[in-house]
Structure formats: C-alpha cells, structure tokens
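Colleague: Okay, structure incoming, though there's no sequence with it:
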C-alpha cells in the first residue's frame, strides 16, 4: 500500500496492517510454509518482523537487510524531517536522499545512475507524497513501540540471515548488531 502499483489512499498506514496484507497474499496464493521464504529490505524488514511475530508458522526462512528493530531516535527524527521536506518540495526530498541514506563509497559507485534514479523517484511520487509520508509515519509509530515486541522476536525459531551493511547510514552496523 502506497508503493509500486498498489493503492495510495490518504489514510493512516500501519506496519501491522502491511503484515496482514502479506499474510492474505500468501494465503491467496496457497503457499506452504516450507516453500515460503521472506526477504525484506529497509522498511520491508519492519513488515517482515511483524509478519514473523504474528504468523510464525507460515514461513520457512528469512533474509533481512537494513533492519532496525530497536527504537532509534535519530531514525524517527530523520523520518519526520523527510516528511516535512517532501510535503514542501518533493524534488528537494529526492535530492536529499543520496546524501542522507548512502555513504560516499556507495554514492561514488552508483553516481552515473543517480540522475535517472532521481528522475524516476520524483516522477513516481510527485502525486503520491501523502502515501510516502504515511508509510514513514507508520514506520515511526512501529519503531517507537518496537521494544514491546522483542520477546516475541526472540521466540522465533526460523533461520534468519541479517545482512549488516557497513555502508548503511540509516541503519549502521552497530544498530544492526543489536537486532535479534
């Protein structure tokens, strides 16, 4: 909801709801747990974590990259700043992403592609700012209360691979190491 070709209504979003949508999709497709492996990147890891917590018997393994399962104030503040920026000027928000999210090493590696990436992101969200800001608010609410779920996460007996990226500015390695 709010990304890709999904609906983008102007309503409150919730990570818990996104996990329920994922469950409905898996049920609709008739996927068996032994054939269901989850992959989450960035905000997708929050949905994945909630799915793992609510539906532990419906998947086999999972991979998480850019995961944050501890309440980080800097993440929340950065999200609030991004929301204010994008509501004022989506182009300015798109410009800021590459200095906020990525390290110099990564930006140098993808530099030839950045103009096209920026244009595509701006085009994708120029009429959907409300959806993107609602996703970020859902992330903030979930991360703010995430400590209450830590006991549930620790009960998980599935194989989980966490990819901790040294070049990740939003979720640096020292945050990622605290996860599970």
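Modeller: It's in. What you are looking at is a predicted structure, and each value in this text was computed from that prediction instead of being measured.
Colleague: May I see the buried residues of stretch 34-42?
Modeller: Within stretch 34-42, the residues that count as buried by 16 or more other Cβ atoms under 10 Å are 38, 40, 42. In short, each C-beta sits where N, CA and C put it, glycine included.
Colleague: Name the SS class of the second one, please.
Modeller: What DSSP: H, G, I helix; E, B strand; the rest coil gives for residue 40 is strand.
Colleague: got a pLDDT number for it?
Modeller: Looking at residue 40, its pLDDT stands at 88.
Colleague: And residue 68, its phi and psi?
Modeller: When read as degrees, to the nearest 10, the backbone of residue 68 gives phi -140, psi 110.
Colleague: Neighbours of it, how many?
Modeller: Neighbour count for residue 68, taken as other Cβ atoms under 10 Å: 25.
Colleague: again, but for the one 5 residues further on
Modeller: Around residue 73 sit 9 other residues, with neighbours defined as other Cβ under 10 Å.
Colleague: just residue 142 next, same as before
Modeller: Neighbours of residue 142 under the rule other Cβ under 10 Å: 23.
Colleague: Check residue 151 too.
Modeller: The burial count for residue 151: 9, using other Cβ under 10 Å.
Colleague: Just the element for it, please.
Modeller: Element membership of residue 151 [criterion: DSSP states H and E] is helix 150-154.
Colleague: Now that helix: average pLDDT?
Modeller: Here helix 150-154 scores 82 as its mean pLDDT.
Colleague: cool, and stretch 95-104?
Modeller: So the average pLDDT for stretch 95-104 ends up being 74.
Colleague: Give me the distance between the two termini of that stretch.
Modeller: Stretch 95-104 has an end-to-end distance of 15 Å (criterion: Cα to Cα, to the nearest Å).
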